[in-house]
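Novice: following is a predicted model, sequence given first.
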Amino acid sequence: AAFSATRLPASTTVEMSILNVKTLSLAAADEIANIAVGIAKKNSFKPISVCVMDPSGDPIVTKRMDGCPGIAYPKISSAKANTCVAFKCSSRDYGKKYLQAKDGGDVGPGVFARVLNQINIVGGNLAAFQGGVLVLDREGGNIVGSVGVSGAAGDEDEYCAIMGVKMCSIGKDLVTVPAEHSCTTLKGDEIS
């Protein structure tokens with residue numbers, strides 16, 4: 001049997017194109033992870049694990065400091081980074097959406113069940129707490145990756161992720177979500 005293609009009516013327009021997706025390079029991702037680790041050391045935070053992902057949620061670089069338990073924190077940093085690219089927000093904002101009511105109180109059981117179902121659907125690879133940062137290119141606002149950090153306190157994790165991006169050699173071309181940190185346990189001068 002010969003192959004027969006069905007032709008579309010002449011009035012039908014089908015647009016096809018090749019999409020170009022911007023992403024962090026291996027060199028940039030490695031630099032971001034190294035800076036995040038350096039920030040943790042400088043501030044005497046507990047040892048951290050860092051995961052830098054591309055816009056599709058695939059890891060580019062994962063690092064774990066000496067002394068950071070390998071059984072949990074690399075998976076949690078990956079979940080934080082994955083949350084950012086999956087929902088196009090920080091892991092903190094994802095948590096606020098599903099775990100905190102608009103009045104600041106707790107959400108009801110229906111909303112809580114929804115977030116648990118979402119986490120279950122993606123095999124547990126989401127995190128509804130701070131430490132995951134979305135990374136955008138400044139020029140077009142496109143998602144170019146994400147950074148997840150785990151091992152220190154949540155605000156410290158988020159600080160390491162934000163500073164890793166801001167301080168990298170292409171930091172001037174990038175924007176983080178959130179743009180600013182909430183860390184109150186910094187040692188010495190804050191890096192901005």
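Specialist: The structure has been received and is ready for your questions.

Novice: and residue 147, that one's in a strand?
Specialist: Yes - under DSSP: H, G, I helix; E, B strand; the rest coil, residue 147 sits within a strand.

Novice: kindly provide the distance from it to residue 24.
Specialist: Distance of residue 147 to residue 24, computed by Cβ to Cβ, to the nearest Å: 9 Å. Placement of C-beta: from N, CA and C, glycine included.

Novice: repeat for residue 55
Specialist: 9 Å.

Novice: quick check: what element follows the longest helix anywhere in the chain along the chain?
Specialist: Identified as the longest helix of the chain according to DSSP state H is helix 26-42. With elements assigned by DSSP states H and E, the helix or strand that comes after helix 26-42 is strand 49-53.

Novice: more neighbours, residue 147 and residue 24?
Specialist: residue 147 (32 against 26; other Cβ atoms under 10 Å).

Novice: what's the helix or strand for the nearest residue to the more buried one once chain neighbours are set aside?
Specialist: Leaving out its chain neighbours, the residue that sits closest to residue 147 by Cβ to Cβ, 6 or more residues apart in numbering is residue 161, at 4.1 Å. Assessed by DSSP H and E, residue 161 sits inside helix 154-167.

Novice: please save the CA atoms from the following helix or strand past that helix in CSV.
Specialist: Remark: after helix 154-167, the chain's next helix or strand is strand 174-177, criterion DSSP H and E. The C-alpha trace of strand 174-177 is given here as CSV (Å, rounded to 0.1, in the frame of the first residue of the first chain):
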residue,chain,number,x,y,z
LEU,A,174,19.7,38.2,33.8
VAL,A,175,16.8,38.8,36.2
THR,A,176,15.7,36.6,39.1
VAL,A,177,12.3,35.9,40.4
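
Novice: starting at the chain centroid, how far to strand 174-177?
Specialist: Relative to the mean C-alpha coordinate of its chain, strand 174-177 is positioned 11 Å out (Cα atoms, centre = their mean, to the nearest Å).

Novice: packing partners of that strand?
Specialist: strand 132-137, helix 154-167 (3 or more Cβ pairs under 8 Å, 6 or more residues apart in numbering; DSSP states H and E).

Novice: picking up where we left off before, which neighbours do residue 55 and residue 24 share?
Specialist: Common neighbours of residue 55 and residue 24, counting by Cβ atoms under 8 Å, 6 or more residues apart in numbering, are 144, 145.

Novice: and stretch 150-168, how far out from the chain middle?
Specialist: So, by Cα atoms, centre = their mean, the centroid of stretch 150-168 is 11 Å from its chain's centroid.
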